[in-house]
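> This is a predicted model, with the sequence first.
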Amino acid sequence: MSTADVENLPSLLPGMLPRLWAFSLRLCGNQHDAEDLLQRACVRGLERAHQLQPGTSPLSWMFSIVHSTWLNELRARNVRSRSSMEWDDNFLETVPDPGARNPADSVSEIIAAVERLPDAQRTVMLLVAVEGFSYAEAAEVLGVPIGTIMSRLSRARQTIGAQFSDHDTSSARSSKNQRAAQ
Amino acid sequence: MKIDDASLLAYVDGELSGPEREQVEKAIRESEDLASRVSMLRASQLPYRHAFEQQALPPMPESLGRSVDALIRQHVERESAERSAGADAAEAAEAAEADNSRGTEEQHGDNVRPLRPRTKSRQWLSLPQWPTWPKLAVAFVAGAFCCGLALRLVPQLAGGGGALTTASDDSGMTPWIKAAAGYQKLYTRDTVALLQPDMSTTATTVADIQQVDELPVRIPDLRSQGLTFKRVQRLRFHGKPLVQIVYLPEKGDPVALCVLKEPKADAAPSNAKVEGMKVVAWRRGEVGYALIGTPGAVDLDALGRQLYDGRVSATVGDNRTGTDVQQS
């Protein structure tokens, strides 16, 4: 992150909020904690703005602060609530996916499979598979080596793959996965 | 090439070079387990991003947006104010207001981090947009401290002082212990796991602690209790020297032994929960000690008793004062 970026953090932060909010919600599993988490992370991000190293992406950096704040301060109190996303009943809607035979099932099964993972694997899946971070960026966000990211991701995907293989005859699978399971 | 989870993932995702791919394919032919794992990985090639995009999340509350806007405004104003007023002058004024009796910190050396209230923090609490988050002060503590800046503890939330007594909550713990616990709470295993203590730097720091801070501190050797020494830091709370010695247990989050001058009568170890952390505190020879860790990870009560009783040897500092940390 350049010096200019550091000085611009206040102007960059509002644009990052939607993604940081989604990440916070998915980490916490409830709105109340997500709100608390994101607020804390913003306080911290601004306080530490000058600490950013050149070459660090401001977005990765804010994700990192959200994650560490969640890990250190909030996870203990919401570990139970995550197992059933509190907004699911009211907010989880699925949009028809022309590419799948039973699109609603497919989407919700994928989300549910990720949500069931242990926290460390789930977080890596959220960063890499959902948020589109590279392995190196995810490693930076979580403060772990790239090899750790890859092995967590691999274990997460094996767990998910096993669930989708078990449902081999289920309608909630794309043709691509059916091929893979054969 | 070692065939591990990471290389299987790279293989399935088509990220291996030709020779590497051939190696993995050979291994898969020879191992049912590897073949099965590859099959699971293939079955997991799913449209995750697309799926999560369909997840209609509750919108971010407007109040949070306004709150962040206010934070940003405050930040910008503070930055420009500090630039114009000069950070040093502001620090001195705030520190003087926070604690008139503090010493001159400029003489303490550059390995000192202040751990003291700053009046500016109060502004945040008065923002109308703030929801009622009791741990807001901790957020400040965290933000400022992790980056090695002033620890911004809100004085009102720190509570009154008091003797160390057995307590079921943090009401009996003194403000410095609350501040130290709030700081320690931010530590994860990853925070210190990779630190390799430099014993010559450690010796210098310990010498400063003993001679400049005038605290008879040594680094207790807790290896037989499964704790590896990671770092010693000179901190400041209300201008007073506060020493933090961090250890990493075999499992779980780090444990800290914090030390501060407390000119009060000796007190045997007592425990409490402070900021969600387990704390065992005692006092000897007008020096207060606090062992701080995540609840359940390490038997802090037993450890505190051993330190209090002087049943632990030191790794650094024993030839300087002849006194041990637990005997001071």
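Arrived safely, thanks for sending. Numbers count the residues shown, from 1 in each chain, chains lettered A, B, ... in the order given.
> Quick one: end-to-end length of stretch B:179-196, please.
Its first and final residues considered, stretch B:179-196 spans 26 Å by Cα to Cα, to the nearest Å.
> do the same with stretch B:11-18
Terminal-residue distance, stretch B:11-18 (Cα to Cα): 10 Å.
> Buried residues in the strand or helix carrying residue A:160, which are they?
Assigning secondary structure by DSSP states H and E places residue A:160 in helix A:146-166. Buried residues in helix A:146-166, counted by 16 or more other Cβ atoms under 10 Å in any protein chain shown: A:148-165. No exception for glycine: its C-beta is placed from N, CA and C like everyone else's.
> Over to stretch B:213-230?
Going by neighbour count (16+ other Cβ under 10 Å), the buried part of stretch B:213-230 is B:213, B:215-220, B:222, B:225, B:227-230.
> swap in stretch B:269-283?
Of all the residues in stretch B:269-283, those buried under the rule 16+ other Cβ under 10 Å are B:269-272, B:274-283.
> just stretch B:181-195 next, same as before
For stretch B:181-195, by 16+ other Cβ under 10 Å, it's B:181, B:182, B:183, B:184, B:185, B:186, B:187, B:188, B:191, B:192.
> Read off the pLDDT value for the third one.
Predicted confidence (pLDDT) at residue B:183: the value is 82.
> and it, what element?
Secondary structure (DSSP H and E) places residue B:183 in helix B:175-184.
> In space, what's closest to the residue of the stretch 201-328 of chain B at minimum distance from chain A - neighbours in sequence excluded?
Using Cβ to the nearest Cβ, the single residue of the stretch 201-328 of chain B nearest to chain A is residue B:276, 6.9 Å away. Nearest non-adjacent residue to residue B:276, counting by Cβ to Cβ, 6 or more residues apart in numbering or on different chains: residue B:185, 6.3 Å away.
> my guess is that neighbour meets residue A:71, correct?
No. At 10.8 Å, residue B:185 does not count as touching residue A:71 under the criterion of Cβ atoms under 8 Å.
> How much space separates the residue of the stretch 201-328 of chain B closest to chain A from residue B:294?
8 Å (Cβ to Cβ, to the nearest Å).
> One more: residue A:40?
In terms of Cβ to Cβ, residue A:40 sits 19 Å off from residue B:294.
> And the two? Which one has more around it.
residue A:40 (26 against 22; other Cβ atoms under 10 Å in any protein chain shown).
> That one contacts residue A:69, doesn't it?
Yes. Residue A:40 lies in contact with residue A:69 (Cβ under 8 Å); the separation is 5.1 Å.
> hey, where'd the strands end up in the stretch 151-300 of chain B?
Under the criterion DSSP state E, counting those that start in this stretch, the stretch 151-300 of chain B contains strands at B:151-153, B:219-220, B:227-237, B:240-249, B:255-261, B:267-274, B:277-284, B:287-293.
> Quick check: the two most widely separated of the buried residues of stretch B:213-230?
Across these, the longest distance by Cβ to Cβ is 25.7 Å; it joins B:213 and B:225.
> so who does residue A:141 touch?
Applying Cβ atoms under 8 Å, 6 or more residues apart in numbering or on different chains to residue A:141 gives the contacts A:60, A:63, A:64, A:67, A:127, A:133.
> Tell me the secondary structure of the first one, please.
The local conformation at residue A:60, judged by DSSP: H, G, I helix; E, B strand; the rest coil, is helix.
> neighbours around it, how many?
20.
> and it, what is it in contact with?
Taking Cβ under 8 Å, 6+ apart as the definition, contacts of residue A:60 comprise A:133, A:137, A:140, A:141.
> Residue B:45 contacts residue B:14, correct?
No. Here residue B:45 does not reach residue B:14: they are 10.3 Å apart, not a contact under Cβ under 8 Å.
> thinking again about what came up before, could the buried residues of stretch B:269-283 be laid out in TSV, adding pLDDT and distance to residue B:300?
What follows is these, written out as TSV (pLDDT from 0 to 100; distance: Cβ to Cβ, whole Å):
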residue	pLDDT	distance to residue B:300
B:269	91	9
B:270	90	11
B:271	90	7
B:272	88	11
B:274	86	12
B:275	83	15
B:276	86	14
B:277	89	10
B:278	91	5
B:279	93	8
B:280	93	5
B:281	93	10
B:282	92	11
B:283	90	16
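> Contacts only, for residue A:127.
Residue A:127 neighbours (Cβ under 8 Å, 6+ apart): A:63, A:133, A:137, A:138, A:141, A:142.
> Kindly indicate which of the residues you listed lies nearest chain B.
Among the contacts of residue A:127, and counting by Cβ to the nearest Cβ, the member closest to chain B is residue A:142, at 8.0 Å.
> Need the three-state assignment for residue A:132.
Applying three-state DSSP: residue A:132 is coil.
> Got the confidence number for residue B:200?
Residue B:200 is given a pLDDT of 82.
> next one: residue A:172
Reading off the model, residue A:172 has pLDDT 41.
> Likewise for residue B:61?
pLDDT, residue B:61: 90.
> Grab the nearest non-local neighbour of it.
residue A:35 (6.0 Å).
> Repeat that for residue A:114.
residue A:125 (5.2 Å).
> Show me what the helix or strand where the one you found lies is in contact with.
According to DSSP H and E, residue A:125 maps onto helix A:119-125. By Cβ under 8 Å, 6+ apart, the residues outside helix A:119-125 that reach it are A:27, A:67, A:75, A:79, A:114-115, A:117, A:138, A:142, A:149, A:152-153, A:155-157, A:159, B:48.
> Buried residues, the helix or strand just after it. List them.
Next along the chain after helix A:119-125, taking DSSP H and E as the criterion, comes helix A:135-142. Across helix A:135-142, burial judged by 16+ other Cβ under 10 Å covers A:135, A:137, A:138, A:139, A:140, A:141, A:142.
> Please export the C-alpha coordinates of helix A:135-142 as PDB.
Provided in PDB are the C-alpha atoms of helix A:135-142 (Å, rounded to 0.1, in the frame of the first residue of the first chain):
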ATOM      1  CA  TYR A 135      -4.000 -17.900  -2.000                       C
ATOM      2  CA  ALA A 136      -1.400 -15.200  -1.300                       C
ATOM      3  CA  GLU A 137      -4.000 -12.600  -0.400                       C
ATOM      4  CA  ALA A 138      -5.900 -15.100   1.800                       C
ATOM      5  CA  ALA A 139      -2.600 -15.900   3.500                       C
ATOM      6  CA  GLU A 140      -2.000 -12.200   4.100                       C
ATOM      7  CA  VAL A 141      -5.500 -11.700   5.500                       C
ATOM      8  CA  LEU A 142      -5.300 -14.600   7.900                       C
END
